[in-house]
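> A predicted structure for the sequence below; I have some questions about it.
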Amino acid sequence: MVTVTNLTKTYGEQRAVDDISFTARSGEVLGFLGPNGAGKTTTMKILTCYLSQSSGTAEVCGHDVQEDSLAVRRCVGYLPEHNPLYPDMYVREYLKFAADANGIRRPRARIDELVTMTGLEREANKQIGALSKGYRQRVGLAQALLHDPEVLILDEPTSGLDPNQLAEIRQLIRRLGQEKTVIFSTHIMQEVQAICDRVVIIDRGRLVADDPIERLQRRLSGSSSLLVEFDRDVVPDRLATIAGVTSVEAGKRARTYRLLLAPGADPRADVFRFAVANDRVLLGLSREELSVEEVFRALTAAG
């Protein structure tokens, strides 16, 4: 588990991280989101002992990042945003070097396992400098996993991957998240919905959301709607009289309408009764939620 309590990091008068608190539990993938400059990378560097905080505390697997940094480093696998590799080294040579630095017993077997796990088989005997950005990301991920850490901190791990590689790495991260604590930072909102169990959003150093994916999508007032389609036109004002409907918008197609709902409202049965009472055939009825991207934009809009 990772526990962050009232964590603050200042540079002069600027607060890069401003009194944030959250936890990341074992067996979950935590999406750690925020606009550029929000303090995500600074927080990750504190958790991995690259930086010290100005105030507050952070613990990883019960070890304080300031008081017991060596124990923290043993527990953490870290893939930073700018993946630091040695381009003149070969893939296996680099992983052997990293394994020796981590005191890995039976390094060859572990390297073979990770080469397979991260899909590096065809590139394992190449120089790192000759690899595409996507494969260099895979090498960085393999290095982060070498010592089988309990906590995995990944900063933009899918940067540069093609669609096939994306699917493979997403599946790997989901699998790792079943047994480890994974903190995952990305700007690709589809990945958040595909990979993460819970989301923490920070903006200008402050925490603005800490919710499971489903609750995050329902967090804002009016965050859900119904898209309905009838066989004939309907007067929108009449649809607005249905209990739980706050307003009605015309849909993109003819005879479709978006019903914006009050929080917690579910008027689907009333919409069906409305169609019967008004001699209309209900051709479509689907609930919509704000996407994670829409919620992200709403919560981090400049104020």
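On my side now, so go ahead.

> now the strands for the stretch 1-150 of the chain?
Assigned by DSSP state E, counting those that start in this stretch, the stretch 1-150 of the chain shows strands spanning 2-11, 14-24, 28-33, 55-60, 63-64, 76-79.

> Summarise which helices and strands the longest one is packed against.
So the one you mean is strand 14-24. Applying 3 or more Cβ pairs under 8 Å, 6 or more residues apart in numbering; DSSP states H and E, one finds that strand 14-24 contacts strand 2-11, helix 40-47, strand 55-60, strand 181-185, strand 198-203, strand 206-212. The way it works is simple: take the backbone N, C-alpha and C, and place the C-beta from them, glycine included.

> Distance from that strand to the middle of the chain?
With Cα atoms, centre = their mean, to the nearest Å as the basis, strand 14-24 stands 17 Å off its chain's centre.

> So for it, what gets flagged as buried?
Going by neighbour count (16 or more other Cβ atoms under 10 Å), the buried part of strand 14-24 is Arg15, Ala16, Val17, Asp18, Ile20, Phe22, Thr23, Ala24.

> Residues contacting that strand, please?
Under the contact criterion Cβ atoms under 8 Å, 6 or more residues apart in numbering, strand 14-24 has outside partners 1-10, 30, 39, 42-43, 46, 53, 56, 151, 181-183, 200, 202, 204-207, 210.

> run the last query once more with 7 Å
Applying Cβ atoms under 7 Å, 6 or more residues apart in numbering, the contact partners of strand 14-24 are 1-10, 30, 39, 42-43, 56, 181, 183, 200, 202, 205-207, 210.

> so where do the helices sit in the chain?
For the chain, applying DSSP state H gives helices covering 40-47, 69-75, 91-101, 107-117, 133-145, 163-177, 189-195, 213-217, 236-239, 268-277, 292-300.

> Dump stretch 67-85 to PDB, restricted to CA.
Output of stretch 67-85 as PDB, limited to C-alpha atoms (Å, rounded to 0.1, in the frame of the first residue of the first chain):
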ATOM      1  CA  GLU A  67      13.200   7.800   7.100                       C
ATOM      2  CA  ASP A  68      13.700   4.500   5.300                       C
ATOM      3  CA  SER A  69      14.400   5.400   1.700                       C
ATOM      4  CA  LEU A  70      16.400   2.200   0.900                       C
ATOM      5  CA  ALA A  71      13.500   0.000   2.000                       C
ATOM      6  CA  VAL A  72      11.200   2.000  -0.100                       C
ATOM      7  CA  ARG A  73      13.400   1.600  -3.200                       C
ATOM      8  CA  ARG A  74      13.400  -2.200  -2.700                       C
ATOM      9  CA  CYS A  75       9.600  -2.100  -2.700                       C
ATOM     10  CA  VAL A  76       9.100   0.100  -5.800                       C
ATOM     11  CA  GLY A  77       9.500  -0.400  -9.500                       C
ATOM     12  CA  TYR A  78       9.600   2.900 -11.300                       C
ATOM     13  CA  LEU A  79       9.200   3.800 -15.000                       C
ATOM     14  CA  PRO A  80       9.700   7.600 -15.200                       C
ATOM     15  CA  GLU A  81       8.300   9.800 -18.000                       C
ATOM     16  CA  HIS A  82      11.700  10.200 -19.600                       C
ATOM     17  CA  ASN A  83      12.900   6.600 -19.700                       C
ATOM     18  CA  PRO A  84      16.600   6.700 -18.700                       C
ATOM     19  CA  LEU A  85      18.300   3.900 -20.800                       C
END
